[in-house]
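Enquirer: Here is a sequence together with a model predicted from it:
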Amino acid sequence: MGKSFTESLSSGKCMVIGEVAMGHDGSLGLAHSYIDAIARAGADAVKFQTHIADAEGTRSEPFRVPFSPQDATRRDYWIRTAFTEEQWKGLSLHAKEKGLFFLSSPFSDKAAALLRQAGVAAWKIPSGETGNIPLLEDLVADGLPILLSTGMSPMTEIDAAAWKVRKAGCPLVVMQCTSIYPCPPERVGLNMLAVFRERYSCCVGLSDHSGTIYPGLAAATMGIQVLEVHVTLSREMFGPDVCASVTTTELSQLVEGIRWIELMRGADVDKDTTAENLAPLRDIFTKSLVASRYIPAGTTLERSMLALKKPGNGIPASMIDRVIGRRIRVDLEEDDLIREGDLE
């Protein structure tokens, strides 16, 4: 696919990750459909979540929201929606064929081992695992870039995780995230982007749960390297993250907006040069000094004899004070341009 994930982080282009998470609801066909849709939208990467029930939680693990009447417990949900190693390999291969980086967040050491076999471009650490130092130590041993989500973490926990990544020599992206679904604008926390960039001297990103394109566009103006947004094929779909997701149509708009922002941020404008280049337009749209009525030769010009009208290829309107009080050498009809050579 060309550049590696690490090279893409330093390319000056914001990497846009379409987060499927569990939006596939256990349907392998739907998971593959997400890859196609996210690729068509112009994103750079697709991300899933990998849950292995017996390695992740106890039987008493609660649902975040009671969304699934077909699953008696959260554990049942993980079992019903799980993919096999071969299925994960197929998803990874499909993503690469579509020109996408393939990512999936591991929620256990077993999940990490499975994803190693499938092949991931980087490790995305979910918010609930940021303080899981044993898992982090396992992941950094691979040397892959680490995307560190911070949705539920205090600064001390983020510090400890970032230090582990730095010590291992892995490329680090610290992702501002607020674990509220959907996240309201006053809780997005764009201020943390500058804090993380200065504190850790690393790439920064936004993991957005607002369900809109606005935080991503705003963060792009601040020069983030990575944007992750939850994606749904339709807001009428089933699942706990639909309310915090953008549609694939909105994802396309978001990508287009970010590319516009990157071009605008990278292209400085000099107003004098612009004015010079737009001289033909200035002649059309700016105003010149013209006679407001018939003026016979020899008349000393007064303000009432002058009007300001288009086109702008005569004496500029801004020079009116230099013209008042001077004598005109020729007869002028109403709307005749006043030329410098016509003045004494």
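Expert: Perfect, I can see it now.
Enquirer: Where does Arg293 sit: helix, strand or coil?
Expert: Of the three states, Arg293 takes coil according to DSSP: H, G, I helix; E, B strand; the rest coil.
Enquirer: Could you measure from it over to Lys309?
Expert: Plainly put, Arg293 is 13 Å away from Lys309 if you go by C-beta to C-beta, to the nearest Å. (C-beta placed from N, C-alpha, C; glycine too.)
Enquirer: The two: which is more packed in?
Expert: Each of Arg293 and Lys309 had its neighbours counted (other C-beta atoms under 10 Å), and the higher figure belongs to Lys309 (16 against 12).
Enquirer: you'd agree His51 is up against Ala82?
Expert: Yes - His51 sits in contact with Ala82 when judged by C-beta atoms under 8 Å, with a separation of 6.6 Å.
Enquirer: These two: who's more crowded?
Expert: His51 (24 against 16).
Enquirer: out of everything not next to it in sequence, what's closest to that one?
Expert: Across the structure, with C-beta to C-beta, 6 or more residues apart in numbering as the measure, the residue nearest His51 apart from its sequence neighbours is Trp78 (4.4 Å).
Enquirer: Wasn't the one you found part of a strand?
Expert: No - following the definition three-state DSSP, Trp78 is helix and is not counted among the residues of a strand.
Enquirer: can you pull the contacts of it?
Expert: In this structure, Trp78 makes contact with 51-53, 56-57, judged by C-beta atoms under 8 Å, 6 or more residues apart in numbering.
Enquirer: ditto for Leu30
Expert: Contacts for Leu30 (C-beta under 8 Å, 6+ apart) come out as 23-24, 233.
Enquirer: Let's see that with 6 Å instead.
Expert: Contact partners of Leu30, counting by C-beta atoms under 6 Å, 6 or more residues apart in numbering, are His24.
Enquirer: what's across from Thr300 in the sheet?
Expert: Listed by DSSP bridges, the beta-bridge partners for Thr300 are Arg327.
Enquirer: And it, how far from Glu340?
Expert: As it turns out, when the distance is counted by C-beta to C-beta, Thr300 lies 17 Å from Glu340.
Enquirer: Show me the domain layout of this structure.
Expert: Following automatic domain parsing, the chain resolves into domains at 5-265, 271-342.
Enquirer: So what's the gap between the last one and the chain middle?
Expert: Right, the one you point to is domain 271-342. Going by C-alpha atoms, centre = their mean, to the nearest Å, the spacing between the C-alpha centre of domain 271-342 and its chain's C-alpha centre is 49 Å.
Enquirer: per-residue confidence averaged over it?
Expert: Mean pLDDT, computed over domain 271-342, is 96.
Enquirer: next one: the first one
Expert: Mean per-residue pLDDT for domain 5-265: 96.
Enquirer: End to end on it, go ahead and measure it.
Expert: Domain 5-265 has an end-to-end distance of 23 Å (C-alpha to C-alpha, to the nearest Å).
Enquirer: can you offset everything so residue one is 326?
Expert: Okay, residue one is now 326; in that scheme the one you just asked about reads as domain 330-590.
Enquirer: Does Val499 touch Phe521 like I think?
Expert: Yes - the pair Val499 and Phe521 qualifies as a contact (C-beta atoms under 6 Å) at a distance of 4.2 Å.
Enquirer: Can you pull the residues that touch both of these two?
Expert: Val529.
Enquirer: Looking at the two, which one has more neighbours?
Expert: Neighbours per residue, other C-beta under 10 Å: of Val499 and Phe521, the larger number sits with Val499, 27 against 23.
Enquirer: Now do the phi/psi pair for that one.
Expert: Backbone torsions of Val499, given as degrees, to the nearest 10, read phi -90, psi 120.
Enquirer: give me every residue that touches the residue lying farthest from the centre of the chain.
Expert: Relative to the mean C-alpha coordinate of the chain, counting by C-alpha atoms, centre = their mean, the farthest residue is Gly623 (65.9 Å). The contact partners of Gly623, taken as C-beta under 6 Å, 6+ apart, number zero.
Enquirer: Could you measure from it over to Ala600?
Expert: As for Gly623, its distance to Ala600 is 37 Å (criterion: C-beta to C-beta).
Enquirer: now do Arg522
Expert: When distances are taken as C-beta to C-beta, Arg522 and Ala600 turn out to be 36 Å apart.
Enquirer: And for Asp350?
Expert: As for Asp350, its distance to Ala600 is 58 Å (criterion: C-beta to C-beta).
Enquirer: who's more crowded, the two?
Expert: Under the neighbour definition other C-beta under 10 Å, Asp350 and Ala600 were set side by side, and Asp350 has more, 15 against 11.
Enquirer: Relative to Thr573, how far out is the more buried one?
Expert: Distance from Asp350 to Thr573, by C-beta to C-beta: 16 Å.
Enquirer: now the strands: where do they sit in this protein?
Expert: For the chain, the strands identified by DSSP state E occupy 340-346, 370-375, 426-431, 448-450, 471-474, 497-502, 528-533, 551-557, 571-572, 613-616, 631-634, in order along the chain.
Enquirer: Partner strands of the second one and their direction?
Expert: Within its sheet, and counting by DSSP bridges, strand 370-375 is paired with strand 340-346 (parallel), strand 426-431 (parallel).
Enquirer: Show me what the longest helix along the chain is packed up against.
Expert: Taking residue count as the measure and DSSP state H as the definition, the longest helix of the chain comes out as helix 573-590. Using 3 or more C-beta pairs under 6 Å, 6 or more residues apart in numbering; DSSP states H and E as the contact criterion, the elements in contact with helix 573-590 are helix 539-545.
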